[in-house]
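# attaching a predicted model along with its sequence, questions to come.
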Amino acid sequence: MLNQNFISSPLEQFEIVTIIPISIAGINLSVTNSSIFIFFAFMFMVFWFSLSFYKGSLIPTNWQSVKEIFYEITSSMIRENLGTKGEFYFPFIFSLHLFLLFCNLIGMVPYSFTVTSHIIFTFALALSIFIGVNIIGLQTHGIKFFSLFLPRGVPLIIVPLIITIELLSYVVKVFTLSIRLFANMTSGHTLLKIIAGFAWTMLSAGGLLAIFHVIPLALLVALTGLELAIAGLQAYVFTLLTCIYLNDVLDLH
């Protein structure tokens, strides 16, 4: 029974479970494992940031050093993609980068939950950023913002086609931004679960197979390290693309 439960399904780890059922006026406001781990990610983010300021000194502590490295990575990203005009948006971009990183890393803890492995979360986040970026573009340029969908020098006869193509490619950014993060986190965690189940099956079988279970076990350790790197990389990529999209509406590329 233990063996069957352990390898029942590699997708079982992504199931959203209701912890505290709450319904108000027919609206489901239940507390789920997803919402709890979003709260955990936020609290760990605040706690880690607080540690970096604890007993701050001219010679940085380990916590200060890590925070400064992360700060510099985000700052460099903004300088390279937004220039000096990106300084105004630094608090948001820094918070977004840090929050996604903690969401991804917490998901690597055994028996935890990876909120970024759900398309509804990544899509909602990408859509809210998309809406916010467009509001910034409209506030900055007014009606000229819509010139983003019509490059200069386009013959009048193909204007409707160009506008349609540009608009579709612009809207698709929401899906590419959300799917990239969701797909990478889901596929990586699924693969780890499959290999862990394979190693457990070999160990449970006994005999010669039990000896060779160290092969998938070693592969599991290596892939866990790779998945940790991907967790950091995907948080970086999501934030980087946010900077690029923001730069597009500010400069009307």
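Looks like it came in fine.
# hang on, Ile19 in a strand?
Yes. Applying DSSP: H, G, I helix; E, B strand; the rest coil, one finds Ile19 inside a strand.
# contacts only, for the closest residue to it other than its chain neighbours.
Closest residue to Ile19 apart from its sequence neighbours, by C-beta to C-beta, 6 or more residues apart in numbering: Val31 at 4.9 Å. (C-beta placed from N, C-alpha, C; glycine too.) When contacts are counted by C-beta atoms under 8 Å, 6 or more residues apart in numbering, Val31 touches Thr18, Ile19, Ile20, Ile22.
# can you get me a residue count around the third one?
The reference is to Ile20. The local packing of Ile20 (other C-beta atoms under 10 Å) involves 10 other residues.
# now Met43
Met43: 11 neighbours (other C-beta under 10 Å).
# same deal with Val133?
Look at Val133: counted by other C-beta under 10 Å, it has 19 neighbours.
# assess the claim that it and Val249 are in contact.
Yes. Using C-beta atoms under 8 Å, Val133 is in contact with Val249, at 5.5 Å.
# which residues does the residue nearest to Ile19 bridge with?
Taking DSSP bridges as the rule, Val31 bridges to Ile20.
# how close does it get to Ile20?
From Val31 over to Ile20 the distance is 4 Å, taken as C-beta to C-beta, to the nearest Å.
# equivalent analysis for Ser117, please.
For Ser117, the distance to Ile20 equals 22 Å [C-beta to C-beta].
# sorry, back to before: relative to Phe102, how far out is the residue nearest to Ile19?
Plainly put, Val31 is 19 Å away from Phe102 if you go by C-beta to C-beta.
# for the helix ranked longest in the chain, name the packing helices and strands.
In the chain, with assignment by DSSP state H, the single longest helix is helix 159-205. Other helices and strands packing on helix 159-205, by 3 or more C-beta pairs under 8 Å, 6 or more residues apart in numbering; DSSP states H and E, are helix 2-6, helix 119-141, helix 207-211, helix 214-251.
# do that again at 10 Å, thanks
Applying 3 or more C-beta pairs under 10 Å, 6 or more residues apart in numbering; DSSP states H and E, we find helix 159-205 packed against helix 2-6, helix 90-106, helix 119-141, helix 207-211, helix 214-251.
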